[in-house]
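Student: fold the following and give me the result.
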Amino acid sequence: MVGRLPVLAWVLVGGAALAAQDGAAATRPQREVAFESAWREVAAGFRRACQEAGVVGASLWFVRGAHVHGFATHGLADRARGRVVDADTIFHWASCTKTLTGVAVLQLRDRGRLRLDQPIVELVPELRAVHDPFAKIGAVTIRHLLSHSGGFRPSTWPWGGKAWHPHEPTRWEQLVAMMPYTELEFVPGTRYSYSNPGIVFLGRAIETLTGEDYEVYMEKNVLRPLGMHRSYFDSTPYHLQRHRSHSYGVRDGTVVDHGPEFDTGITVSNGGLNAPLGDMARYVSFLLGAVEPGSDAAGVLARASVAEMGEPAVPTDPSGRNHMGLTLFVQEVGGQRFLTHTGGQRDFVSFFYLHMASGTGALGAFNTGTAGPVMARVRARCMQELSLPLAR
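Tutor: Model prediction:
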C-alpha cells in the first residue's frame, strides 16, 4: 500500500544513519549493503553537482515498490529567507504533468468515454480551423496526441516574449483565436515531434467529456485517490505556501528570484502540477504497481492500461532504441527499458523514471534553471548505479 511515507524512514535510508550502520553490514544481504554504498555515492554526487552548477535548491528520491530507499536534499527553497529544502518542499513539475494527463485520458478510455483512435476534432471541433496542407486534420487521433505524433508545433505560444506578456495563454478563447494561424506540420502518425499544444488539446477534451475543469477532474480522479493531498495545479493554497519553493534564474552571473507563483493558464494540462516529492513518490509507486489491491489508488487505472502507456509508439531518434509511448518516454539503458519524463519551466527542472524490471524509480526536482545538465547526469547515475544492479 502506498501511504504517507514517514520522515524517519527517509532519514534512515538517506542520511547519516546509513554510515552508522556500516558496522552491521556483514549481517545484512550483500545486495542491500551494495545499494547503501551506491546510494551514498549518488547522493554525494548529486549535492556536488548542484553546488558546482549554482543550483539554489533541489531534492532527489529513490523508490523501490512502495518504499523510499533514498532521500537527499541540497540548498534552499527560499534564498532570501534561508528556508532549506526538506521532505515537505513543493516544487513545480512542468512537463511531468503530461503523464498525469495521459493517465486521465486512459481512465476515460477504460470507462468507455472515448477511443484512442478517435479523431480529436470530434471532441475539440475548433481544430478544424487549423491550416492543413495535407487534408489530414480529421485524421489526428487522441493516440497521436498522446504519442506526440499529431503534427502540431512544439510550443503553445510561438510569438511574443515580452516581459509584460502572461506566462502562458490564460483562456481557451485565446488558443481558438490562434487556430487559423496554426498549421499541421506533417502527416499525423508519420513521425515524432514533441508538442505542448497537443497535450493542451487533450486537456480540453477531458473538460468537454466530463463537464468539469481540468483541475477539478484531476483532483477528484487522480490526485485524491492516489493520496497526493499536497499536490495541486498553479496557485498554492494558503496552508501550503510555507512549503512552496521559489525558482531562480542565473543572468550574467546574478541569481534572479522569480518567486514561488506563476500561472500556466490554459496550458495547465501540459505543465501545471506542483507537488512535494513525497506525493510524486506515491505517483511513481502507483505506476510501478506497488499499490494494495482494491485500494483507491489501485482503482485509478488498470495495470494493463499503465503498461500500455509505456509501450513504444513512435521512435524519437534514429537509433531505434528510444521511443515515445503514450506520454511516457521509453528509453533503453544498459539493454533494459526505462520509462521516464522530464520537465522544465520558469527555471524549475524535474524528472522521474520507472524501471519495471527492478520495481524501482527515481525522481528529482531543482529550483534553478542551471540544473538541466545536473538533472541529466543524476538521472543517468540512478539508472545505471541503482536500478540496473537491483534487477540482476
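Student: state the pLDDT value of the nearest residue to residue 179 once chain neighbours are set aside.
Tutor: Leaving aside its sequence neighbours, residue 179 sits nearest to residue 129 (Cβ to Cβ, 6 or more residues apart in numbering; 3.9 Å). All C-beta spots, glycine's among them, are computed from the backbone N, C-alpha and C. Confidence at residue 129, expressed as pLDDT, is 96.
Student: how about the contacts made by the most centrally placed residue in the chain?
Tutor: Note on the chain: the residue nearest the mean C-alpha position is residue 96, at 2.0 Å, using Cα atoms, centre = their mean. Counting by Cβ atoms under 8 Å, 6 or more residues apart in numbering, residue 96 makes contact with 273, 280, 341, 342, 343, 350, 351, 352.
Student: that one in helix, strand or coil?
Tutor: helix (DSSP: H, G, I helix; E, B strand; the rest coil).
Student: how much space between it and residue 33?
Tutor: 32 Å (Cβ to Cβ, to the nearest Å).
Student: what of residue 353?
Tutor: Relative to residue 33, and taking Cβ to Cβ, residue 353 is found at 24 Å.
Student: ranges for the helices of the stretch 201-350 of the chain?
Tutor: Along the stretch 201-350 of the chain, the stretches classed as helices by DSSP state H, counting those that start in this stretch are 214-218, 268-271, 277-288, 303-309.
Student: so which of the ones you listed comes closest to residue 75?
Tutor: The closest of these to residue 75 is helix 277-288. By Cβ to Cβ, the value is 14.4 Å.
Student: list the helices and strands that closest one packs on?
Tutor: strand 57-64, strand 348-355, strand 360-366 (3 or more Cβ pairs under 8 Å, 6 or more residues apart in numbering; DSSP states H and E).
Student: so which of the ones you listed is nearest residue 155?
Tutor: strand 348-355 (17.4 Å).
Student: for the protein, what's the longest strand?
Tutor: Counting residues, the longest strand found in the chain (DSSP state E) is strand 67-78.
Student: what's the first helix or strand after it?
Tutor: Next helix or strand after strand 67-78 toward the C-terminus (DSSP states H and E): strand 83-84.
Student: which secondary structure elements does that following strand contact?
Tutor: strand 67-78.
Student: where do the strands of the chain begin and end?
Tutor: Under DSSP E, the chain gives strands at 57-64, 67-78, 83-84, 90-92, 232-233, 247-251, 254-259, 273-276, 314-315, 323-324, 329-333, 336-345, 348-355, 360-366.
Student: in a markdown table, list those along with distance to residue 119, mean pLDDT and mean neighbour count.
Tutor: Converted to a markdown table, the strands of the chain look like this (distance: least, Cβ to Cβ, whole Å; pLDDT from 0 to 100; neighbours: other Cβ atoms under 10 Å):
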| stretch | distance to residue 119 | mean pLDDT | mean neighbour count |
| --- | --- | --- | --- |
| strand 57-64 | 38 | 98 | 27 |
| strand 67-78 | 43 | 97 | 22 |
| strand 83-84 | 49 | 98 | 14 |
| strand 90-92 | 33 | 98 | 27 |
| strand 232-233 | 27 | 98 | 21 |
| strand 247-251 | 38 | 96 | 18 |
| strand 254-259 | 39 | 96 | 12 |
| strand 273-276 | 28 | 98 | 27 |
| strand 314-315 | 18 | 97 | 16 |
| strand 323-324 | 20 | 98 | 20 |
| strand 329-333 | 25 | 97 | 18 |
| strand 336-345 | 26 | 97 | 21 |
| strand 348-355 | 30 | 98 | 26 |
| strand 360-366 | 34 | 98 | 28 |
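Student: dump those into a markdown table; add distance to residue 218 as well.
Tutor: Formatted as a markdown table, these follow (distance: least, Cβ to Cβ, whole Å):
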| stretch | distance to residue 218 |
| --- | --- |
| strand 57-64 | 22 |
| strand 67-78 | 24 |
| strand 83-84 | 28 |
| strand 90-92 | 16 |
| strand 232-233 | 7 |
| strand 247-251 | 22 |
| strand 254-259 | 24 |
| strand 273-276 | 9 |
| strand 314-315 | 26 |
| strand 323-324 | 22 |
| strand 329-333 | 21 |
| strand 336-345 | 16 |
| strand 348-355 | 17 |
| strand 360-366 | 19 |
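Student: let me know the pLDDT of the nearest residue to residue 357 once chain neighbours are set aside.
Tutor: For residue 357, ignoring the flanking residues on the chain, the nearest one in space by Cβ to Cβ, 6+ apart is residue 391 at 4.2 Å. Note on residue 391: pLDDT of 89.
Student: pLDDT below threshold where in this structure?
Tutor: 1-29, 160-161 (pLDDT under 70).
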